[in-house]
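Asks: coordinates for the following, if possible.
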Amino acid sequence: MPQKPAPFRVAFVCTGNICRSPMAEIVFREFVERAGLSDYVTSSSSGTGDWHVGERADARTIEALRRRGYDGEHHRARQFTLADFDRHDLIVALDRSHERILTSWARTSDDADKLAVLLSFDPSAGDVLDVPDPYYAGSEMFDDVLAMIESASRALFRQLEPAIRPSS
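Replies: Coordinates of the predicted model:
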């Protein structure tokens, strides 16, 4: 009997893992679940810093997600570690500062080759590559950021889906 391949593992990374990267993890996971591909792809998230490790997502993140039909209640922040390079097939930074940090942490060219910036997958983003940090803004900014993340995550999923979907 053939063995089922390991799932393709995607990690989203921002600063503290309480706003942008949890949104991306949850939104991307929802696209995967809707497509019936949960056995073939997983998503997680983390932050470059350790300020919020163990905390829930920011309340405004949870509320923005809830308003769009997503559940962010179970998220707990964690910090990216070097072992995450080994645990993931694709590591998606939410802005170029995260990409620079992750690149500096990459131990090998294989680690660095796993890195991408989320908005680079979304043709509608144009020249914009950074998802803005809504932490110091109001709830409207969280909604705007979530809309950007949804669009880019959808584009990323559409790009990955043909390679992930099992052949019949």
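
Asks: counting residues, which helix of the protein comes out longest?
Replies: helix 139-164 (DSSP state H).

Asks: buried residues in that helix?
Replies: 141-143, 145-146, 148-157, 160, 164 (16 or more other CB atoms under 10 Å). In short, each C-beta sits where N, CA and C put it, glycine included.

Asks: tell me who's in contact with Lys72.
Replies: Check again: residue 72 is Gly, not Lys. 22-23, 26, 57, 61-62, 65-66 (CB atoms under 8 Å, 6 or more residues apart in numbering).

Asks: need the max-distance pair from those residues.
Replies: Pro22 and Arg66 (12.7 Å; CB to CB).

Asks: who has more neighbours out of those two?
Replies: The neighbour comparison of Pro22 against Arg66 (other CB atoms under 10 Å) goes to Pro22, with 30 against 12.

Asks: look at Ser44 and give its secondary structure.
Replies: strand (DSSP: H, G, I helix; E, B strand; the rest coil).

Asks: and the gap between it and Leu115?
Replies: Look at Ser44 and Leu115: by CB to CB, to the nearest Å, they are 15 Å apart.

Asks: same question, Thr42
Replies: Applying CB to CB, the value for Thr42 to Leu115 is 18 Å.
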